[in-house]
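>>> Curious how this folds, go ahead:
(chains A and B)
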Amino acid sequence: KAGVTQTPRYLIKTRGQQVTLSCSPISGHRSVSWYQQTPGQGLQFLFEYFSETQRNKGNFPGRFSGRQFSNSRSEMNVSTLELGDSALYLCASTDAGELFFGEGSRLTVL
Amino acid sequence: GNSVTQMEGPVTLSEEAFLTINCTYTATGYPSLFWYVQYPGEGLQLLLKATKADDKGSNKGFEATYRKETTSFHLEKGSVQVSDSAVYFCALSVPVSHASGGSYIPTFGRGTSLIVHP
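Numbering: from 1, shown residues only, chains lettered A, B, ... in the order given. Got it, this is the predicted structure:
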């Protein structure tokens, strides 16, 4: 089975722009969750989707949003980017309580 | 709320040394406990897990025992290798029930960097 695939792997944006990140889960996995990883805050949960519905949400502002498609692929969007949004964004798909992570999308905001 | 505390790094060891990375937790309910490893430039990989008290998770020479009485899940390895150099995350999850089934949202520790020298 192919693993969790995230695109793009690296991107650079400027303040005020918006960004969309994509995640393709392992085939058959219906739950997808997103995390932000920074040196200062560590790993923080953003949100979780299951069957196109957001089931759980972390403590992030409304600029962070996501969605899931009928094929379980997921996207997250960050609008009005701030310097503090620079981070590694990790996606994971879940099977029987076990998380399988992608390699992440590294966002740099200038 | 749930929280995980793990020792700050970096931990620097010589090859074949004994490794311990401490992890303690607070949680409501009955959490499952995990250790994840992150190699440079990669995402996290599950290293081992334990789902109930006194369970021992083990993988690739690493071990950790779920100690409910001390709320701990310390990671150990008897003889580390240079290839073990990575960041190690302790995590817990308490299942949340939904009509669509259970979800497992983990709470992570801050991570401990391990550097192993030849």
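>>> which non-adjacent residue is nearest B:K60?
Leaving aside its sequence neighbours, B:K60 sits nearest to B:L47 (C-beta to C-beta, 6 or more residues apart in numbering or on different chains; 7.2 Å). (C-beta placed from N, C-alpha, C; glycine too.)
>>> Restricting to C-alpha, output the helix or strand harbouring the one you found in PDB.
Secondary structure from DSSP states H and E places B:L47 in strand B:44-50. Written as PDB, here are the backbone C-alpha positions of strand B:44-50 (Å, rounded to 0.1, in the frame of the first residue of the first chain):
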ATOM      1  CA  LEU B  44       6.400  10.700  12.400                       C
ATOM      2  CA  GLN B  45       6.400   6.900  12.600                       C
ATOM      3  CA  LEU B  46       4.800   4.800  15.300                       C
ATOM      4  CA  LEU B  47       7.600   3.100  17.200                       C
ATOM      5  CA  LEU B  48       5.500   1.300  19.800                       C
ATOM      6  CA  LYS B  49       2.300   1.500  21.800                       C
ATOM      7  CA  ALA B  50       0.500   0.100  24.900                       C
END
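>>> if we can go back for a sec, what about the residue nearest to B:K60, distance to B:Y25?
16 Å (C-beta to C-beta, to the nearest Å).
>>> hey, what's the residue nearest the centre of chain A bridged with?
In chain A, the C-alpha closest to the average C-alpha coordinate belongs to A:W34, at a distance of 3.7 Å (C-alpha atoms, centre = their mean). For A:W34, the beta-bridge partners under DSSP bridges are A:F47, A:C91.
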